[in-house]
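J.: I'd like to go over a predicted model; first the sequence, then the structure.
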Amino acid sequence: MISSEDVMIIVKNTIAASIKCNTYRGYIGWSSCDNICADMHDCVDMCAEQLKSGDALTALKASVYILLSGVKLASYADSSSGMLTDVILCTYDLIGKCTKEIEKQDKKMRNEALDIIIKEARKNAFDGWTDWRYDLLKCGICLCDEKNAQKLEKVFDILLESAQEDSFPDYTKKEDMITRYLLHRHLYGKEAVREELYQNISVKELRRIAISDALEEGQYGEAEQLCLEQANEERAWHYRSSDPEDWNNILYDIYVAANDTEKQIAQAKKLLLMGNEKFWEVLKQIYSQNNAWNEHYESLLNLLKNAKQAICYRNVLIAEKETKRLLEDVTENPFDLFYYGKYLVKDYPEQVYELCYEEISRNCAQAKDRREYKKVTKQIAQLIKWKGTDKAGELIEELRRTYPRRTALLDELGKVEKKL
């Protein structure tokens, strides 16, 4: 095992050397930033091994140093690849594991760990990164008793006061409410701070906590009401189908927890018609349990078609092997024809070839340069792969007759013609 002293030395030297090697004329591009992040990931892994060996305090110190380095890097490097964010999230995860382990240790170690977190969170590197600063402070909550919690609350007071000079003070106020509530909940229990929770229920993160508490207590009506209030308020917002924390998705989960089949069906239909195709299978499963799937199948398909959620509708048709309906829909609106064509060409080759002919002709009429002509000939090449060689040959000749002066187009057509 690496000694405690050596861990910090290795981490500091590795990050410093990596930043130096990947800085060019004072600038760190995205590729160089990724190189640094790879080295930081190695440091995180080393800290994880240190924690595993039982040295949680050293792992915490080194992890917080890595975090601070990452936050500084975010202020001046090109981190557009997302790798830096990944490093930072991994580091927070490790810091949380360290503090949970230190929580079990004696008061002296808990105090030392909390002091480390407070000291680093107050550094200027976190200015402008409010959420990251408070995320670090949240990691220290589990280390608090009533006495040392006062130190943490003083930090909250200082940060809140200094936030009045920021461009977005309300953001800091929101983070302050959340973090203070989590601290009070840790110290006194959720029942003792229920009033504080509901006083600040307009904060989404706290509303989610209230919903979770209500579900744990079997208060399904309360959870539903809390969720509906927010869902109705954000009705005009775009539905985030893949986000489990979207209020409409949470509402469905509430109905599942409450074992309310009728409301599950109603909410699942709503989400399906908003374009979340996974709820097709959900409805299929619910209806099938009551042998009612065949009864609802046609009407559900028609509802989905009329909902104008074309991608969702077509994906459902593919899953259900409804190729005839898919052909009808693609014929009505041939967008992404060369994607959906592969599901149709086996059963309806002639119809697909004709659709391709018409679509390619339209695209060619709108094309203006070689780059766009290459897209057109790529579509012709796809038609040939689908064994539509006769139609492709006919199309090539038609395009040559129609656009005899487009030399770039004629050149590209000559290239694709060799595949016939």
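T.: Cool, got the structure.

J.: now do the buried residues in the lowest-mean-pLDDT helix or strand in the chain.
T.: Taking mean pLDDT, DSSP states H and E as the measure, the helices and strands of the chain show their lowest mean at helix 407-417, namely a mean of 90. Within helix 407-417, the residues that qualify as buried by neighbour count (16 or more other Cβ atoms under 10 Å) are A408, L409, E412, L413, V416, E417. C-beta: built from backbone N, CA, C; applies to glycine.

J.: stretch 289-304 too?
T.: For stretch 289-304, the neighbour count (16+ other Cβ under 10 Å) marks H296, L300, L301, L304 as buried.

J.: can you list contacts of that stretch?
T.: Stretch 289-304 is contacted by residues 269, 272-273, 280, 283-284, 287, 312-313, 316-317, 322, 325 when judged by Cβ atoms under 8 Å, 6 or more residues apart in numbering.

J.: could you rerun that using 10 Å?
T.: Contacts with stretch 289-304, where a contact means Cβ atoms under 10 Å, 6 or more residues apart in numbering, come from 261, 265, 269, 272-273, 275, 277, 280, 283-288, 310, 312-314, 316-317, 320, 322, 325.

J.: now list the buried members of those residues.
T.: With burial judged by 16+ other Cβ under 10 Å, the buried subset of the contacts of stretch 289-304 is 265, 269, 272-273, 275, 277, 280, 283-284, 286-287, 310, 312-314, 316-317, 322, 325.

J.: among those, name the ones in helices.
T.: In helices, judged by DSSP state H, the following of the buried ones among the contacts of stretch 289-304 are found: 265, 269, 272-273, 280, 283-284, 286-287, 310, 312-314, 316-317, 325.

J.: any low-confidence regions in the chain?
T.: Across the chain, the stretches falling below the confidence threshold (pLDDT under 70) are 1, 167, 235-237.

J.: scan it for its longest helix.
T.: The longest helix of the chain (DSSP H) is helix 30-52.

J.: summarise which helices and strands it is packed against.
T.: For helix 30-52, the helices and strands in contact under the criterion 3 or more Cβ pairs under 10 Å, 6 or more residues apart in numbering; DSSP states H and E are helix 4-21, helix 56-74, helix 83-102.

J.: buried set for that helix?
T.: With the criterion 16+ other Cβ under 10 Å, helix 30-52 contains buried residues 32-37, 39-41, 43-44, 46-48, 50-51.

J.: then stretch 256-265?
T.: By neighbour count on 16+ other Cβ under 10 Å, the buried set for stretch 256-265 is A258, K263, Q264, I265.

J.: got the CA coordinates for that stretch in CSV?
T.: Taking only C-alpha atoms (Å, rounded to 0.1, in the frame of the first residue of the first chain), the coordinates of stretch 256-265 have been written out as CSV:
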residue,chain,number,x,y,z
VAL,A,256,-47.1,2.2,-9.5
ALA,A,257,-46.2,2.5,-5.8
ALA,A,258,-49.9,3.1,-5.0
ASN,A,259,-50.9,0.0,-7.1
ASP,A,260,-53.5,2.2,-8.8
THR,A,261,-53.9,0.4,-12.2
GLU,A,262,-56.5,2.9,-13.5
LYS,A,263,-54.2,5.9,-13.0
GLN,A,264,-51.2,4.0,-14.2
ILE,A,265,-53.0,3.4,-17.5
